[in-house]
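Participant: next comes the sequence, and after it the predicted model I'd like to discuss.
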Amino acid sequence: MNNNYENLINDVLKTGNGDYKEIRLEENKSSRITYSGKVRENISINSRLGGSVRAMANGGWGFSSFNDIYQAPQKMKETLTLAKYNSNELFEIEKNNPIRTKISPVLKKDPRKIKLSEKINILDHYKDLILSQEDIESCDIIYADTDRKVVFADSKGNNIEQNFIHVVLRIAAYSSDGNEMLQSGFSIGSLGDYGIIENLDSEILDCAKKAKDLIDAPKVEGKETTVVLDQILAGVFVHEAFGHLSEADNVYENERLKEILTLGKKFGNKDLNITDGAKIPNLRGSYEFDDEGTPATKTPLIREGILTGRLHSNETANKMSEEATGNARAISFAFPPIVRMSNTIIENGKDKKEDIIKDTKDGLYVKNWYGGMTEHEMFTFSSAETYRIENGEIKETLRPVKLSGNLFTTLKNINGIADDLLINQGGGCGKGGQMPLPVSNGSPHIRINKCLVSNG
């Protein structure tokens, strides 16, 4: 980011009158390569520079974004006018000691130093490897890397520059039983490490085999049963079903949820601990400061089964008389920051995965995921892999299933938490039209009693 922007930032923050003013300037460079079957569908390299301003006047917010950063002073004038038209409950932006810092990106193997031809060669190889396998009819491959620099400054005296390098890869192999397409896939991601993309032949072959195994796999009878979730599916469960309910704007704006999600209320057994935190290092949801300049934290959400915290912006923390957690995030300069998760995990328990499986007489082992939806406390998720458990042993492959239920009932039905925490960085989160926001989620293996399953 050009150092000459310092004068521009100062001019913007001196423009007009208001209770609070801020500016974000962002430079984003990204590359994306996609395949559908044999066809390399898209290769794109994009870059953009833009910014946004936000201001508060008498409790009302105004927000404007722009592609020409030299429009910023004029946009601040317009934003202050917008703020005065909006009505909202008045609150005060907390003052702290101003922070002026520049934070370098986390890097292991820099994707910016890898030639485009090298990226294409390795993805071509993976495509050919998948399609060479027996009974595999097609595949999807999506690769992307992003270099994002953000400068944030506000009328409290903060001036913070952060730089993030992201790498993601999604691979899916498709087979068919003659009536429908069947798939097996995986997603991986990293903060600043292209190395995760390399040497994936064994994972590719395993993916293709799993897609082939689905051809003759039977479907599951819909019923309530015991399920053992692997770390990836359990991580998605904690993110989607519980994490969004931990975002304080969702709670603050809903009287019913505010009553249900009372701090100090019991939601699970004593071995259940759930945490969200951008301060957990070197993950795709990690950062030092959120998009309001608030320092990142590590927030205990559930401790020993008791609801102990939630995720906040400055505004929601003030209005709920709680502490800001550094969870105000925007996917780009085109959007205002809203309350979002960062890295959401179920903490390790004391059980062993092998003992949890061995102690399950009749149930399902469900792994990975394809998608799902939540509506407040109700959830539905699809597994990517399903296996029968009989008398404490994992048996044959079954077709993927949907898992449905009430979050609060399901949390209390968790009766086994292993000690093998694994964090998945291959996904992204959507909320308020902002997606896919970089996040991570994870869990050890967990067991849930009386979970409703149906054909996926």
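Facilitator: The structure has been received and is ready for your questions.

Participant: could you use CA atoms for every contact and neighbour count after this?
Facilitator: Will do.

Participant: which residues does E385 contact?
Facilitator: Taking C-alpha atoms under 8 Å, 6 or more residues apart in numbering, we find E385 in contact with S184, V366, K367, N368, W369, T397, L398, R399, P400.

Participant: and stretch 242-251, how far apart are its ends?
Facilitator: 12 Å (C-alpha to C-alpha, to the nearest Å).

Participant: how far off centre is that stretch?
Facilitator: 14 Å (C-alpha atoms, centre = their mean, to the nearest Å).

Participant: farthest-apart pair in the contacts of E385, please.
Facilitator: Across the contacts of E385, the longest distance by C-alpha to C-alpha is 15.3 Å; it joins W369 and T397.

Participant: which of those two has more residues huddled nearby?
Facilitator: Each of W369 and T397 has its neighbours counted (other C-alpha atoms under 10 Å); W369 has more, 25 against 18.

Participant: what's the separation between that one and K431?
Facilitator: Distance from W369 to K431, by C-alpha to C-alpha: 19 Å.

Participant: cool, and P337?
Facilitator: 11 Å.

Participant: and S443, by the same measure?
Facilitator: Taking C-alpha to C-alpha, one finds S443 at 22 Å from K431.

Participant: who has more neighbours out of the two?
Facilitator: S443 (30 against 13).

Participant: what pairs with the more buried one across the strands?
Facilitator: Listed beta-bridge partners, S443: L422 (assigned using DSSP bridges).

Participant: how close does it get to G51?
Facilitator: 36 Å.

Participant: and what of F63?
Facilitator: In terms of C-alpha to C-alpha, F63 sits 11 Å off from G51.

Participant: which one's more surrounded, the two?
Facilitator: G51 (25 against 21).

Participant: partner strands of the helix or strand hosting the more buried one, with direction?
Facilitator: G51 is located in strand 39-57, with elements delineated by DSSP states H and E. The strands beside strand 39-57 in its sheet (DSSP bridges) come out as strand 20-36 (antiparallel), strand 60-66 (antiparallel).

Participant: just the CA trace of it, in PDB.
Facilitator: What follows is strand 39-57, C-alpha atoms only, in PDB (Å, rounded to 0.1, in the frame of the first residue of the first chain):
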ATOM      1  CA  VAL A  39     -12.000 -29.000 -19.400                       C
ATOM      2  CA  ARG A  40     -10.000 -26.200 -17.700                       C
ATOM      3  CA  GLU A  41     -12.900 -23.800 -17.500                       C
ATOM      4  CA  ASN A  42     -11.300 -20.700 -16.100                       C
ATOM      5  CA  ILE A  43      -8.000 -19.000 -15.400                       C
ATOM      6  CA  SER A  44      -8.200 -15.600 -14.000                       C
ATOM      7  CA  ILE A  45      -5.900 -13.100 -12.300                       C
ATOM      8  CA  ASN A  46      -7.600 -10.100 -10.800                       C
ATOM      9  CA  SER A  47      -6.500  -7.100  -8.900                       C
ATOM     10  CA  ARG A  48      -8.500  -4.200  -7.400                       C
ATOM     11  CA  LEU A  49      -7.900  -1.200  -5.200                       C
ATOM     12  CA  GLY A  50     -10.700   0.500  -3.300                       C
ATOM     13  CA  GLY A  51     -11.900   1.700   0.000                       C
ATOM     14  CA  SER A  52     -14.800   2.500   2.200                       C
ATOM     15  CA  VAL A  53     -15.700   5.100   4.900                       C
ATOM     16  CA  ARG A  54     -18.100   4.700   7.800                       C
ATOM     17  CA  ALA A  55     -19.300   7.400  10.200                       C
ATOM     18  CA  MET A  56     -21.600   7.700  13.100                       C
ATOM     19  CA  ALA A  57     -23.700  10.800  14.000                       C
END
